[in-house]
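Engineer: pasting the structure only:
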């Protein structure tokens with residue numbers, strides 16, 4: 001709008017001179033006029049003059065056409081006078097390109113030439129090029145190149161989005177007759193964008209450098225108003241990306257956070273490419289099409305589908321992925337085939353009649369999949385139906401603007417002087433809604449975690465009561481214990497219960513299936529059952545039978561266990577349910593096999609007995625010792641356990657060695673030394689277990 005207003009001020013002397021009455025003073029000279037010699041005469045006061053020509057135009061390419069002495073009288077004449085836009089009289093309409101001026105279907109190189117007689121009062125002049133050009137150009141004044149937009153490498157040209165540009169004229173072009181020549185290049189794919197593309201779409205502007213620079217500044221201001229809403233959208237996307245990434249870092253088991261972060265990242269990259277191309281010649285037109293249209297758009301739609309699938313925690317998500325990614329690949333391939341540089345060169349134009357409908361079906365297929373996922377999610381999580389439904393609808397609108405145009409919906413509006421597309425507005429609103437939903441879910445998850453922490457802490461408190469920190473004193477028996485759970489709540493347990501007869505006790509060591517809170521609760525159940533059973537009997541086999549029948553009534557409740565009874569006289573009676581054999585004086589006791597607790601009701605366990613002598617040492621350990629694992633996957637193993645036991649390592653040494661090697665499971669080591677009557681220990685003596 002500012003550029004149009006400035007042009008009105010520039011042309012105002014022409015309009016007022018045409019309305020001057022006959023008795024008025026003679027009008028001031030027109031800033032620009034063309035005489036019969038084909039030279040445009042420009043008198044510059046404080047104005048910037050549009051060079052309307054007529055220009056001379058010719059297709060093809062020849063470096064000699066830049067020279068001032070070249071005869072272009074046989075070339076086609078093109079008038080560059082702009083007219084008001086019929087749909088908006090306050091705006092100037094774009095000039096038709098060469099495809100609508102007698103050169104339909106032509107692409108490649110072409111030249112414009114104009115001779116200008118300049119009266120500049122010895123001030124520096126600059127030439128402002130149009131803000132709409134198809135697609136790249138080089139500007140010559142009197143045969144000297146003064147600037148370009150695009151990269152020209154011989155016959156290979158890289159075009160960019162047209163940006164406001166001006167180029168100072170050389171000193172010999174600030175007065176007198178100068179020849180302006182513009183070398184144009186249009187990409188073959190551009191001719192399929194409309195019926196009137198090609199070349200200069202506005203007249204170039206000639207004027208004093210400060211005035212021309214002001215016009216360029218206004219041109220960038222127009223660009224900012226046209227794409228400025230993209231900066232706001234990018235800011236919202238960046239904030240949403242950081243929030244989703246942070247939530248995923250805090251709660252990695254919630255995959256929906258990761259997929260939302262990917263949606264925001266891909267959308268942000270696509271927006272950044274378009275914004276960068278609107279202000280800088282960094283990415284060529286082909287690169288913009290490939291990155292934003294061929295790659296970012298299909299991937300973004302696919303990521304939206306998967307985000308909502310993970311958000312609603314739908315079952316069989318891998319099937320949704322197997323449908324989504326092939327559709328994304330088809331959409332990307334079809335888009336590439338109907339875009340530069342393939343379309344019109346590698347892919348024949350007549351193929352568009354098949355490719356475009358197929359492409360529409362594939363894209364709508366992704367849209368349908370998005371709604372199928374959303375509807376399934378609404379069914380599963382009705383509480384989020386309203387907000388999620390609005391967010392899904394907005395996400396659909398943001399990604400299907402072109403299809404909405406096909407049904408004649410307005411997808412662009414103006415807000416506070418900035419052009420705002422429905423897609424931008426929908427993206428911002430959908431992310432705001434999703435952000436609220438994210439925070440609600442995260443806060444709910446945090447409340448659940450706090451509840452879990454409280455329950456785990458309570459379970460730890462219960463377990464600390466069940467697994468004694470201070471070992472009971474049993475006359476004649478020296479006990480050392482080491483207990484290291486792999487998690488907050490362990491699945492190993494041991495009990496030392498003194499009996500009424502002085503110097504006798506029941507010792508129990510076990511390991512439940514599983515880890516964590518569930519295992520800790522099972523430990524509490526088993527320990528309670530063992531203590532109840534000891535009140536009924538002190539026979540190890542009967543104790544195991546009672547506990548086994550109680551566990552068999554519960555699903556998924558099993559444990560290995562070994563029960564020892566040591567009498568005042570040193571008689572050791574033991575029975576086990578699938579637990580590791582104990583070590584006596586550095587040697588593994590040969591015990592019979594048995595099923596773990598809880599496998600089935602009515603299992604009979606057998607007792608085995610042996611006589612302990614003064615100084616005899618028993619080691620009982622859980623499988624967490626042998627199953628300790630280092631970073632390379634090597635096991636601590638029974639060989640290391642046997643070696644440490646054989647050299648009479650303490651319980652602390654064994655447990656510490658396994659833990660430092662790499663703890664993978666709960667570690668329990670119990671060391672019992674029967675003191676009895678003082679006597680030397682005979683380690684060569686073989687233990688003699690008697691079954692009964």
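Structural biologist: Received the coordinates, thanks. This structure is a prediction, so every number in the text was calculated from the model and none was measured. Numbering: from 1, shown residues only.

Engineer: tell me, what residue is most central in the protein?
Structural biologist: In the chain, the residue lying closest to the centroid (C-alpha atoms, centre = their mean) is residue 262, at 1.9 Å.

Engineer: pretty sure that residue sits against residue 303.
Structural biologist: Yes - using C-beta atoms under 8 Å, residue 262 makes contact with residue 303 at a distance of 5.2 Å. Heads up, the C-betas are built off the backbone N, CA and C, glycines and all.

Engineer: related to what we said a few turns ago, tell me if the residue nearest to the centre of the chain really is in a helix.
Structural biologist: Yes - secondary structure of residue 262 (DSSP: H, G, I helix; E, B strand; the rest coil): part of a helix.

Engineer: ok, now which ones touch it?
Structural biologist: Contact partners of residue 262, counting by C-beta atoms under 8 Å, 6 or more residues apart in numbering, are 303, 307.

Engineer: measure it to residue 656 for me?
Structural biologist: 45 Å (C-beta to C-beta, to the nearest Å).

Engineer: again with residue 168
Structural biologist: Residue 168 is 81 Å from residue 656, by C-beta to C-beta.

Engineer: same question, residue 350
Structural biologist: Applying C-beta to C-beta, the value for residue 350 to residue 656 is 79 Å.

Engineer: the more surrounded of these two?
Structural biologist: Higher neighbour count among residue 350 and residue 656: residue 656, with 16 against 8, using other C-beta atoms under 10 Å.

Engineer: could you say which helix or strand holds the more buried one?
Structural biologist: Residue 656 is part of helix 651-662, with elements assigned from DSSP states H and E.

Engineer: check which residues of that helix are buried.
Structural biologist: 651, 654, 655, 656, 657, 658, 659, 661, 662 (16 or more other C-beta atoms under 10 Å).

Engineer: so what's the fifth one up against?
Structural biologist: Under the criterion of C-beta under 8 Å, 6+ apart, the contact partners of residue 657 comprise 636, 640, 644, 649.

Engineer: for the second one, which non-adjacent residue is closest in space?
Structural biologist: Nearest-residue entry for residue 640: residue 657, 7.4 Å, with adjacent residues in sequence omitted and distances by C-beta to C-beta, 6 or more residues apart in numbering.

Engineer: same deal with residue 168?
Structural biologist: What sits nearest to residue 168 in space, not counting adjacent residues and going by C-beta to C-beta, 6+ apart, is residue 126, at 4.8 Å.

Engineer: can you count the residues close to the one you found?
Structural biologist: Residues contacting residue 126 under the criterion other C-beta under 10 Å number 22.

Engineer: residue 50 too?
Structural biologist: So residue 50, with other C-beta under 10 Å, has 23 neighbours.

Engineer: how about it: which residues does it bridge to?
Structural biologist: Taking DSSP bridges as the rule, residue 50 bridges to residue 205.

Engineer: confidence score at it?
Structural biologist: Here the pLDDT value assigned to residue 50 is 91.

Engineer: distance of it from residue 392?
Structural biologist: Counting by C-beta to C-beta, the gap from residue 50 to residue 392 is 50 Å.

Engineer: please apply the same query to residue 553.
Structural biologist: Applying C-beta to C-beta, one obtains 48 Å for the distance of residue 553 from residue 392.

Engineer: more neighbours, those two?
Structural biologist: Ranked by neighbour count (other C-beta under 10 Å), residue 553 and residue 392 place residue 392 first, with 23 against 9.
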